[in-house]
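J.: Here's my sequence, what's the structure:
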Amino acid sequence: MPRSSAGHRTAEGPYKRLKDLILRNHYQPGMHLKVADLADELGVSTTPVREALNRLVVERLIDGAPGLGFFARQPSELEIRNLYDMNQWYLGLGLAEAEKSTAVSDSTRIGALASSLDGLTPGDPQSEEAVANATGEFALLVAEQARNSEIFRAVSNINDRLYYVRVCEYRLLPDTVSALQTMFRQFQARQLDDLRQSLKAYHEARAAALPDLIRELTR
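T.: Residues are numbered from 1 along each chain as shown. Alright, predicted model coming up:
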């Protein structure tokens, strides 16, 4: 039976709140996410919390073990490396389609992304989140060029799974903001071959830093 709109809103609230906490690494990797405790924390019943946790398992944002429950997860070095590879591949598909189009790049969105990186302060949590958000929004903008909803959904999920990794990238890689700004300019100017090379260099630099990123993720 379809869920009522009121029931859907009730279930959606705990899901969004839990997902936001998980993306920001609120729960330590390996921590047992007890349904009753989370329901108390969020001020809701256990049913929408259990539904939210099951959705987050499907999205690979947490782990679930039958008979044991739910756990905050720590992505492995191999998983992050694979996500980098997948992200570069999907964005390459978006660029391939963009090359066939004569449409003008969305200067308003690119301008907003560039502005969001102005005046950042290393070590400031809001600055770290601004970088992670801008990186994800740019990935979605490139993915949109493919005009393929499956590619868009895949990149959206990669954004979620790499969110806190990107926070750590900003902490460890001093050229993160300048690399993003360069790619923004290349996309806006439709210098797509240059952008393809910049994306390759961007992902390779992060893959090379993975041992340090893993240590930062578990700090």
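
J.: list the buried ones in stretch 204-214?
T.: 206, 210, 213-214 (16 or more other C-beta atoms under 10 Å). In short, each C-beta sits where N, CA and C put it, glycine included.

J.: pLDDT weak spots in this protein?
T.: 1-11, 104-105 (pLDDT under 70).

J.: so where do the helices sit in it?
T.: 5-23, 35-42, 46-58, 77-100, 107-116, 125-144, 149-161, 163-172, 176-188, 192-208, 210-217 (DSSP state H).

J.: and the closest residue to residue 135 other than its chain neighbours, how many neighbours?
T.: Using C-beta to C-beta, 6 or more residues apart in numbering and skipping the chain neighbours, the partner closest in space to residue 135 is residue 166 (5.1 Å). Residues contacting residue 166 under the criterion other C-beta atoms under 10 Å number 22.

J.: In contact with residue 166, which residues are there?
T.: Shown in contact with residue 166 (C-beta atoms under 8 Å, 6 or more residues apart in numbering): 131-132, 135-136.

J.: Mind doing that once more with 7 Å?
T.: 131-132, 135 (C-beta atoms under 7 Å, 6 or more residues apart in numbering).

J.: Return the residues in contact with the residue nearest the centre of the chain.
T.: Closest to where the C-alpha atoms of the chain average out (C-alpha atoms, centre = their mean) is residue 159, at 2.1 Å. Residues in contact with residue 159 (C-beta under 7 Å, 6+ apart) are 136, 139-140.

J.: go on, residue 192?
T.: The contact partners of residue 192, taken as C-beta under 7 Å, 6+ apart, are 95, 98-99.

J.: try residue 113
T.: With contacts defined as C-beta under 7 Å, 6+ apart, residue 113 is in contact with 134, 137-138, 184.

J.: Dump those residues to CSV, plus distance to residue 39.
T.: Output for the contacts of residue 113, formatted as CSV (distance: C-beta to C-beta, whole Å):
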residue, distance to residue 39
134, 34
137, 32
138, 36
184, 42
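
J.: Now render the residues you listed as JSON lines, adding distance to residue 78 and neighbour count.
T.: JSON lines is the format used below for the contacts of residue 113 (distance: C-beta to C-beta, whole Å; neighbours: other C-beta atoms under 10 Å):
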{"residue": "134", "distance to residue 78": "27", "neighbour count": "23"}
{"residue": "137", "distance to residue 78": "27", "neighbour count": "16"}
{"residue": "138", "distance to residue 78": "25", "neighbour count": "20"}
{"residue": "184", "distance to residue 78": "30", "neighbour count": "21"}
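
J.: before we move on, the earlier item: which of the helices of the chain sits closest to residue 64?
T.: helix 46-58 (3.9 Å; C-beta to C-beta).

J.: Identify each buried residue in the closest one, please.
T.: Here helix 46-58 shows 48-53, 55-57 as buried, counting by 16+ other C-beta under 10 Å.
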